[in-house]
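A.B. asks: Here you go, sequence then predicted model.
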Amino acid sequence: MDLKRVGIRILVTGTRGKSSLVRLLHAGLSAVGLRTHSRVTGVLPRELSPAGQRVIRRTSPVSFREMRWWLSQIPMDAEALVMENSAVSPLLQPAAGRWLDPTLLVWTTLRPDHEDAWGPGVRGAAEALLQGVPGGVPVLAGPEAALVARVLEARGPATLMDLPFSFREGNVLLAMKALTLSLEGLGLASSEALASAQRAMEFLPPDVADFRILGEGEDLLAAAFSANETASTEQLFIATGWRAEETTLLFHHRPDRPARLRAFLPWIRSLPWRATAFTRTSRPWLRLGRLRWTDEISDPASFAAWRRGRGKVFACGNVAGWPLEFLLGAARSLEEAS
């Protein structure tokens with residue numbers, strides 16, 4: 001299929017928030033009556049379509065070529081496509097833009113991450129993500145718009161649209177701006193259509209790994225597992241209103257992301273936590289100095305037992321492994337209770 005026949009083709013890039021934005025855009029575009037196909041590659045990879053949602057179950061390691069395979073399956077009657085750039089390597093970043101040929105690129109955030117592949121700090125992230133911005137494509141930026149603007153100066157034709165925001169409400173604002181720009185290009189941005197899209201986005205249920213506070217009474221869990229870099233994690237902790245002195249910090253480690261733990265340690269050590277705990281899916285490839293692993297936590301049941309009676313727990317780092325199993329179980333429990 002010639003994808004240029006699809007009037008709206010949105011590519012989502014950035015450090016954090018890509019999957020959330022894809023879900024919001026899919027809900028909004030579907031609400032205005034467009035046959036929309038979207039792909040989420042975050043915590044729980046999924047294909048979204050007019051027929052519903054299909055979880056992508058992998059039998060081999062994740063590959064950036066999945067994007068091309070998905071695009072090859074798009075039906076002829078598709079009217080809108082939304083895809084997040086799932087490539088990590090800077091050398092592979094341009095592939096998504098070549099394959100999708102986007103009408104709009106949305107850059108969610110610009111923060112340090114994947115330092116083993118991108119290099120250190122914001123500069124490393126900027127240089128890596130810039131490789132995935134096709135020339136001549138309008139770019140809509142989120143909270144770090146000023147940083148993105150400086151990065152895009154080297155790209156030339158791309159256009160920056162400044163839209164600062166924070167967290168869930170800001171994600172809806174960014175998604176609505178992207179949707180409005182896309183509908184205006186097709187002459188479809190009526191007040192009724194935009195109102196329908198807004199309602200669909202605002203009533204979209206949180207995703208399984210979205211930040212939330214779980215529990216009741218004194219035993220509360222701030223589940224920030226999917227915020228994989230320190231800037232977002234610190235903002236989420238501030239948003240709880242909790243004091244570090246009354247909070248136990250839990251960091252879950254992925255052995256294939258050793259640089260992430262190194263990046264988190266300065267922030268973790270900078271606050272006077274009531275206690276700290278470090279969990280892992282397997283033995284890591286680095287030493288923690290005076291810090292100790294909490295090996296009694298290995299699955300949702302042992303985690304539930306461990307946190308009983310601990311009061312406030314702020315959990316971060318990585319969602320892969322037992323944290324995802326725990327959050328899926330919590331989501332099922334909430335659904336059954338409602």
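C.D. replies: Yep, it's here.
A.B. asks: Could I get the full set of strands for the protein?
C.D. replies: Taking DSSP state E, the strands of the chain run over residues 8-13, 36-40, 46-49, 52-55, 80-84, 104-107, 139-141, 160-161, 212-216, 219-224, 247-253, 275-280, 312-316.
A.B. asks: Show me the strands paired with the fifth one, marking each as parallel or antiparallel.
C.D. replies: It refers to strand 80-84. With DSSP bridges as the test, strand 80-84 is paired with strand 8-13 (parallel), strand 36-40 (parallel).
A.B. asks: Minimum distance to Arg254: which of the ones you listed has it?
C.D. replies: With Cβ to Cβ, the closest approach to Arg254 among those belongs to strand 36-40: 19.4 Å. In this view, the C-beta of every residue, glycine as well, is placed from N, C-alpha and C.
A.B. asks: of all the strands of the chain, which lies closest to Gly329?
C.D. replies: Using Cβ to Cβ, those put strand 212-216 closest to Gly329, at 10.8 Å.
A.B. asks: For that closest one, the averaged confidence score.
C.D. replies: When pLDDT is averaged along strand 212-216, the result is 89.
A.B. asks: starting at the chain centroid, how far to it?
C.D. replies: Strand 212-216 has its C-alpha centroid displaced from the chain centroid by 20 Å (Cα atoms, centre = their mean, to the nearest Å).
A.B. asks: okay, the angle between it and strand 312-316?
C.D. replies: Orientation of strand 212-216 against strand 312-316 (axes from the mean of the first three to the mean of the last three Cα atoms, to 10 degrees) gives an angle of 150 degrees.
A.B. asks: Output the strands of the chain in a markdown table, with mean neighbour count appended to each entry.
C.D. replies: Shown next, in a markdown table, are the strands of the chain (neighbours: other Cβ atoms under 10 Å):
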| stretch | mean neighbour count |
| --- | --- |
| strand 8-13 | 26 |
| strand 36-40 | 25 |
| strand 46-49 | 19 |
| strand 52-55 | 10 |
| strand 80-84 | 26 |
| strand 104-107 | 27 |
| strand 139-141 | 24 |
| strand 160-161 | 18 |
| strand 212-216 | 14 |
| strand 219-224 | 21 |
| strand 247-253 | 23 |
| strand 275-280 | 19 |
| strand 312-316 | 24 |
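A.B. asks: Those: which one's closest to Thr230?
C.D. replies: Smallest distance to Thr230 across the strands of the chain (Cβ to Cβ): 9.0 Å, for strand 312-316.
A.B. asks: Only C-alpha atoms, please: export that closest one in CSV.
C.D. replies: Only the C-alpha atoms of strand 312-316 are listed here, as CSV (Å, rounded to 0.1, in the frame of the first residue of the first chain):
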residue,chain,number,x,y,z
LYS,A,312,4.7,5.1,51.7
VAL,A,313,6.8,3.4,49.0
PHE,A,314,8.0,5.2,45.8
ALA,A,315,8.9,2.6,43.2
CYS,A,316,10.8,3.5,40.0
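A.B. asks: tell me the mean pLDDT over it?
C.D. replies: 97.
A.B. asks: That one - contacts with which helices or strands?
C.D. replies: Packing contacts for strand 312-316, counted by 3 or more Cβ pairs under 8 Å, 6 or more residues apart in numbering; DSSP states H and E, involve strand 219-224, helix 230-240, strand 247-253.
A.B. asks: wait, what's in contact with Glu246?
C.D. replies: Listed by Cβ atoms under 8 Å, 6 or more residues apart in numbering, the contact set of Glu246 reads Arg274, Gly311, Lys312.
A.B. asks: Out of those, which comes closest to Gln235?
C.D. replies: Using Cβ to Cβ, these come closest to Gln235 at Lys312, 17.3 Å.
A.B. asks: Need the nearest residue in space to that closest one, chain neighbours excluded.
C.D. replies: With sequence-adjacent residues excluded and distances taken as Cβ to Cβ, 6 or more residues apart in numbering, Lys312 is closest to Thr247, at 4.6 Å.
A.B. asks: Check Arg98 too.
C.D. replies: With sequence-adjacent residues excluded and distances taken as Cβ to Cβ, 6+ apart, Arg98 is closest to Pro134, at 7.6 Å.
A.B. asks: Wait, that neighbour touches Ala95, no?
C.D. replies: No: when contacts are counted by Cβ atoms under 8 Å, Pro134 is not listed as touching Ala95 (10.9 Å).
A.B. asks: so where's the stretch 151-300 of the chain shaky on pLDDT?
C.D. replies: 154-168, 282-291 (pLDDT under 70).
A.B. asks: got the residue ranges for the helices in it?
C.D. replies: With helices called from DSSP state H, counting those that start in this stretch, the stretch 151-300 of the chain shows them at 167-185, 191-202, 230-240, 258-269, 300-307.
A.B. asks: Buried residues, the shortest one. List them.
C.D. replies: For helix 300-307, burial by neighbour count (16 or more other Cβ atoms under 10 Å) applies to Pro300, Phe303, Trp306, Arg307.
A.B. asks: for the last one, what are its contacts?
C.D. replies: With Cβ under 8 Å, 6+ apart as the criterion, the residues that contact Arg307 are Asp219, Leu221, Val313.
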